[in-house]
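> Sequence and predicted structure below; questions after.
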Amino acid sequence: MRYMMSIMSDPQAEADTEMTPEIFEAMAAYNEALVKAGVLLAGDGLAPSTEATRVTFSNGRSTVTDGPFAEAKEFIAGYWIIQVSSPEEAVEWAKRCPHPSEGDTGEMSLVLRRIMGTDDFGDEMPEELKEREREMRAHNEHEA
Amino acid sequence: MSHTDATRAVEAVWRIESARLVAALTRMVGDVGLAEEFAQDALVTALEKWPDEGVPDNPGAWLTTVAKRRMLDRWRRDERFQKRMADLGRDIAERDGQAEFAAVLEEDYGDDLLKLMFVCCHPVLSTEARVALTLRLLGGLTTEEVARAFLVSESTVAQRVVRAKRTLADRQVPFEVPVGEDRDARLASVLEVVYLVFNEGYAATSGGDWIRPELCDEAMRLGRVLAALLPREREVHGLVALMELHASRFRARVGPDGEPVPLAEQDRTRWDRRLVTRGFRALRHALPSDPSEPRGPYALQAAIAAKHAQAAKAEDTDWAGIAGLYLALALATRSPVVELNRAVAVSMADGPGPALDIVDSLRDAGVLDGYHLLPAVRGDLLLRLDRPDEAREEFERAAGLTLNERERDHLRVRAGSCGA
């Protein structure tokens, strides 16, 4: 299964957070770990919200607003798409993301969202095939 | 933390950490079986402790610490183990025990994982044993998960693993990355195992036309791990490209009733563009920078898959290009099945006549006797050449040769619709 793992930010954090060389290094190491584990499918850092644009639709018409969005509580600052075998594995990878250490007042959030896959679109395994699998298993046992 | 939650968390950590742990322990103790014992001890302890204590902050380090402790325990009370470690040059002093282990275990593990992969896929083991061992030790899959994937019982898988470890110990298979002449064959063996796992998830080998995406995912993951470990091995990238391009078609490959949808009829908007893009990128790494250098079989197969991926509609397919790639593949592998596929591509590029010549040569050589796709392809070509009676015979012949019920029905229908 695939998950989108997003780093969340807010206007305050965006203003306060300083991307030190240590942070860059730690993130690079984390990305490398994801690659070496074969789980990273994609990832990007997003430009700051000052460069963001919002298109709002209302009553059939669109309004375009430029960032920053002072009223926004939190927004995505970057994301990874990872391949994992369970939701728990996604959580474990998230926990390994470099984060503020003990004593640091800053807070950091990652949000994990499962990406809709084959199973979600009604492509569930038909009962007759499940039955066939059971038969195959029994047959293979007999052979073994 | 609930027991179920804790168990799931342990399993998740195991999927992430176990391969590296087993690899490092194998380097320490020189034997995969022993290494896995210590790793499994750590797993059992985690299952006991984490429901109460919670998941530790650094679960990988926690597991390593426990495994090391078990090793030290064993070393204290087991003379044979002491001798083994002494023979390996593992200089362990009791008081310094912890520190000593620590130094050796935390050495760069990159190589360890690669060595473990080569060991698990050693040609001295049967294919099933290699697959079971690889999925257990490198995939971190449970015995139950492997059993479910290959439609056998847990005890069958467990036995395969036990026997495999014993064989590796008996033959004293060294824990190393092969070099020199041996290297290509050993790498081919590893790629073969990975591709086998992928195909088990992808195709109708079980008789049920079902795709098991988790198996394909695991195969692709192992392929990527290898690509990161061996970035200069073009065939590793070739295999990754091939798997990602095939996987990109999953959602289009099965119809609403579970029936397989042939490539020509697939809704290409359902192809996963991300996997296609990744496949193309991997393919670039698979192809030699010098065009006069030969391309490997996985690279060629991936290039063929890429040709299909590049066609927005079936009608746009570059069949001449595909035919050329099949020719290169046939020369590289000397496989009659590849030659048959080449005939199909030729029929699309140049018409059924030239293709029939190729198929007839194969038939006359007798290399594909009993293979139902030969008469099936021949029937199709004859039909297109307006020779329906002969076509019907071929489809009936093909129907008689296939074991797959759905396929047989399909061929009978084709036979029936031939002719006046």
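Nice, I can see it.

> CA atoms for contacts and neighbours, from now on please.
Noted.

> Can you tell me which residues in chain B are near chain A?
Counting by C-alpha under 8 Å from any C-alpha of the partner chain, chain B comes close to chain A at B:8-9, B:12-13, B:15-16, B:151-153, B:156, B:206-208, B:210, B:214, B:217, B:220-225, B:228-229, B:251, B:256-258.

> again, only using 7 Å
B:8-9, B:12-13, B:151-153, B:208, B:221-222, B:224-225, B:228, B:251 (C-alpha under 7 Å from any C-alpha of the partner chain).

> What residues does B:Tyr298 make contact with?
Contact analysis of B:Tyr298 by C-alpha atoms under 7 Å, 6 or more residues apart in numbering or on different chains lists B:Glu235, B:Gly238, B:Leu239, B:Leu242.

> what mean pLDDT does the helix or strand containing it have?
Counting by DSSP states H and E, the element that carries B:Tyr298 is helix B:297-310. The pLDDT scores in helix B:297-310 average 98.

> buried set for that helix?
Within helix B:297-310, the residues that count as buried by 16 or more other C-alpha atoms under 10 Å in any protein chain shown are B:297-309.

> before we move on, what about stretch B:151-161?
Buried-residue list, stretch B:151-161, by 16+ other C-alpha under 10 Å: B:Leu151, B:Val152, B:Ser153, B:Glu154, B:Thr156, B:Val157, B:Ala158, B:Arg160, B:Val161.

> what pLDDT does the fourth one get?
In this case it means B:Glu154. For B:Glu154, the predicted pLDDT is 93.

> Contact partners for it?
Going by C-alpha under 7 Å, 6+ apart, B:Glu154 touches B:Thr143, B:Glu144, B:Ala147.

> Report the separation between it and B:Glu144.
According to C-alpha to C-alpha, to the nearest Å, B:Glu154 and B:Glu144 sit 5 Å apart.

> Same question for B:Val254.
Per C-alpha to C-alpha, B:Val254 is found 27 Å from B:Glu144.

> The two: who's more crowded?
Each of B:Val254 and B:Glu144 has its neighbours counted (other C-alpha atoms under 10 Å in any protein chain shown); B:Val254 has more, 18 against 14.

> Give me the pLDDT value at that one.
The score at B:Val254 is 76. That number is its pLDDT.

> Report the distance from stretch B:64-81 to the chain centre.
Relative to its chain's centre, stretch B:64-81 lies at 34 Å (C-alpha atoms, centre = their mean, to the nearest Å).

> Which positions in that stretch come out as buried?
Those would be B:Thr64, B:Thr65, B:Val66, B:Ala67, B:Lys68, B:Arg69, B:Arg70, B:Met71, B:Leu72, B:Trp75, B:Phe81, for stretch B:64-81 by 16+ other C-alpha under 10 Å.

> ok, the fourth one touching B:Gln40?
If I follow you right, that is B:Ala67. No: the criterion here is C-alpha atoms under 7 Å, and B:Ala67 misses it with B:Gln40 at 8.2 Å.

> quick one: which of the buried residues of helix B:297-310 is nearest B:Asp316?
Comparing these against B:Asp316 with C-alpha to C-alpha places B:His308 closest, at 8.8 Å.

> Which residue is the nearest non-sequential neighbour of the closest one?
In this structure, B:His308 finds its nearest non-sequential neighbour in B:Thr317, 6.1 Å apart by C-alpha to C-alpha, 6 or more residues apart in numbering or on different chains.

> how many neighbours does that neighbour have?
Per other C-alpha under 10 Å, the neighbour tally for B:Thr317 reads 18.

> Contact partners for it?
When contacts are counted by C-alpha under 7 Å, 6+ apart, B:Thr317 touches B:Lys307, B:His308, B:Ala311.

> Nearest to chain A among the buried residues of stretch B:64-81?
Chain A has its nearest neighbour among the buried residues of stretch B:64-81 in B:Thr64, at 16.7 Å by C-alpha to the nearest C-alpha.

> Need the contact partners of the helix or strand hosting the closest one.
Using DSSP H and E, B:Thr64 sits in helix B:59-77. Under the criterion C-alpha under 7 Å, 6+ apart, residues B:Val13, B:Glu17, B:Leu21, B:Phe38, B:Ala39, B:Asp41, B:Ala42, B:Phe81, B:Gln82, B:Phe101 lie in contact with helix B:59-77.

> Lowest pLDDT pick from those?
For the contacts of helix B:59-77, the pLDDT minimum is B:Phe101, 57.

> All the helices of chain A, in order from the start?
Here chain A has its helices, by DSSP state H, at A:11-16, A:21-36, A:87-95, A:127-143.

> Check the stretch 51-200 of chain B too.
B:59-77, B:79-87, B:97-105, B:110-120, B:127-133, B:143-150, B:154-170, B:181-202 (DSSP state H, counting those that start in this stretch).

> Touching the last one from outside, list them.
Defining contact as C-alpha under 7 Å, 6+ apart, one finds that helix B:181-202 is touched by B:118, B:121-123, B:130-131, B:211-213, B:215-216, B:219, B:222-223.

> Sort out which residues of that helix are buried, please.
Quick answer for helix B:181-202 (16+ other C-alpha under 10 Å): B:186-187, B:189-202.

> Heading C-terminal from that helix, find the next helix or strand.
helix B:213-229.

> and for that following helix, what are the contacting residues?
Applying C-alpha under 7 Å, 6+ apart, the contact partners of helix B:213-229 are A:36-39, B:114, B:194-195, B:197-198, B:201-202, B:236-237, B:240, B:243.

> what's the neighbour count on B:Arg274?
For B:Arg274, the neighbour count with other C-alpha under 10 Å is 14.

> How about it: what's its closest non-neighbour residue?
B:Ser248 (7.9 Å).

> is it true that that neighbour touches B:Trp271?
Yes: between B:Ser248 and B:Trp271 there is a contact at 5.3 Å, judged by C-alpha under 7 Å.

> which one of those two has more residues nearby?
B:Ser248 (23 against 20).

> Now that one: phi and psi?
Taking degrees, to the nearest 10, you get phi -60, psi -20 for the backbone angles of B:Ser248.
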